[in-house]
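Asks: Sequence and predicted model, in that order:
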Amino acid sequence: MPGGRLTQQERQQIAVGLADGLAYAEIARGLDRPTSTITREVMRNGGPTAYRADLAHRATERRAHRRRQAAPRGPQESPQADGRDAEAVREYEEAFTTLFMRQGLPKMMSRVLTCLYTTDAGSLTASELVQRLQVSPASISKAITFLESQGLVRRERDERRRERYLVDNDVWYQGMIAAAQANVELAETARQGVRILGPDTPAAARLENIARFVDFVTESLTRAAEQAREILFAKPEAATKPEAAPGDTARPGR
């Protein structure tokens with residue numbers, strides 16, 4: 001499977017595929033590329049209805065030019081001091097941002113959220129976000145206000161009395177519970193239809209099946225979220241440590 005950046009010819013093939021109504025996975029197979037590459041390419045360049053190969057190619061060249069200009073030179077240039085591939089990290093952050101956008105978050109809010117989730121410190125100040133994202137303080141302030149209103153970030157003061165923004169891991173649990181509650185409402189509404197349409201009608205049978213399915217999924221989702229909640233707060237060592245196989249006990253010399 002080829003790597004590297006998409007060529008202009010590949011972008012033209014993507015545009016043709018989108019015009020023909022092909023799925024991202026089908027376009028990716030035709031180009032021998034990962035589906036995630038096609039998804040990122042399309043979403044960062046206008047989406048499936050507005051994607052234009054020539055505009056996407058020029059936009060990519062402009063982004064690459066800005067990165068070259070922003071790259072530190074001379075003694076400050078530390079190749080991989082933290083052991084990470086800077087380009088791979090950048091690509092991952094773009095993919096994470098694209099995922100948030102596909103789930104309905106505006107672009108700037110998605111970029112800020114990605115920034116907070118991928119920083120080792122677990123929190124950033126407004127000035128740090130401005131520096132990392134190369135945007136105005138007003139853009140950061142607007143994004144933080146929105147994210148805070150959605151319960152996705154919170155504020156706290158550090159020892160220097162600076163305001164820091166943090167992502168709360170518990171938001172994933174709360175999101176699962178909120179989804180479960182929405183499913184409960186869906187099941188209740190479906191059963192209202194059963195009573196109104198009559199229990200012996202095909203429409204009522206369809207709605208009852210929907211309600212039963214949603215009940216089962218909701219119960220499973222809620223139980224799994226409750227059981228797995230502690231994983232969100234596990235330390236890295238505990239989270240990555242492989243579990244022993246059943247019956248596998250330590251032996252001397254192992």
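Replies: Perfect, I can see it now.
Asks: CA only for contacts and neighbour counts going forward, please
Replies: Will do.
Asks: Which parts of the chain are strands?
Replies: In the chain, the strands defined using DSSP state E lie at 123-125, 153-157, 163-167.
Asks: could the ones you listed go into TSV alongside mean pLDDT and mean neighbour count?
Replies: Converted to TSV, the strands of the chain look like this (pLDDT from 0 to 100; neighbours: other Cα atoms under 10 Å):
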stretch	mean pLDDT	mean neighbour count
strand 123-125	90	21
strand 153-157	87	15
strand 163-167	89	19
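Asks: Need the ones you listed in JSON lines (columns: distance to Arg132).
Replies: Shown next, in JSON lines, are these (distance: least, Cα to Cα, whole Å):
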{"stretch": "strand 123-125", "distance to Arg132": "10"}
{"stretch": "strand 153-157", "distance to Arg132": "18"}
{"stretch": "strand 163-167", "distance to Arg132": "14"}
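Asks: Identify whichever of the ones you listed lies nearest to Ile140.
Replies: Ile140 sits nearest to strand 123-125 of all the strands of the chain, at 9.9 Å, using Cα to Cα.
Asks: for Glu159, phi and psi?
Replies: Main-chain dihedrals, Glu159, degrees, to the nearest 10: phi -70, psi -20.
Asks: how much space is there between it and Ser141?
Replies: Here Glu159 is placed at a distance of 21 Å from Ser141 (Cα to Cα, to the nearest Å).
Asks: out of those two, which sits in the busier spot?
Replies: Ser141 (14 against 6; other Cα atoms under 10 Å).
Asks: wait, isn't that one in contact with Ala126?
Replies: Yes - counting by Cα atoms under 8 Å, Ser141 does reach Ala126; the two are 7.5 Å apart.
Asks: returning to what we had before: Ala225: which of the strands of the chain is closest?
Replies: Nearest to Ala225, of all the strands of the chain, is strand 163-167, at 18.6 Å by Cα to Cα.
Asks: Can you give the distance from the closest one to the centre of its chain?
Replies: 19 Å (Cα atoms, centre = their mean, to the nearest Å).
Asks: Just checking: what are the partner strands of it?
Replies: Neighbouring strands of strand 163-167 in its sheet, by DSSP bridges, are strand 123-125 (antiparallel), strand 153-157 (antiparallel).
Asks: export the ones you listed to JSON lines and tack on distance to Arg191?
Replies: Putting those into JSON lines (distance: least, Cα to Cα, whole Å) gives the following:
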{"stretch": "strand 123-125", "distance to Arg191": "45"}
{"stretch": "strand 153-157", "distance to Arg191": "37"}
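Asks: So for Leu22, which of those strands sits nearest?
Replies: Closest approach to Leu22 among these (Cα to Cα): strand 153-157, 37.0 Å.
Asks: And the contacts of that closest one?
Replies: Identification of contacts with strand 153-157 by Cα atoms under 8 Å, 6 or more residues apart in numbering yields Ile144, Leu147, Glu148, Glu163, Arg164, Tyr165, Leu166, Val167, Asp168.
Asks: Kindly report the same for stretch 204-216.
Replies: 183-184, 186-188, 190-191, 193-195, 197-199.
Asks: Could I have the PyMOL command that selects the buried members from those residues?
Replies: Filtering the contacts of stretch 204-216 down to the buried ones (16 or more other Cα atoms under 10 Å) takes a single PyMOL command:
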select buried, resi 183+184+186+187+190+191+193+194
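Asks: nearest to Ala23, of the contacts of stretch 204-216?
Replies: The shortest gap between Ala23 and any of those belongs to Asn183, at 28.1 Å (Cα to Cα).
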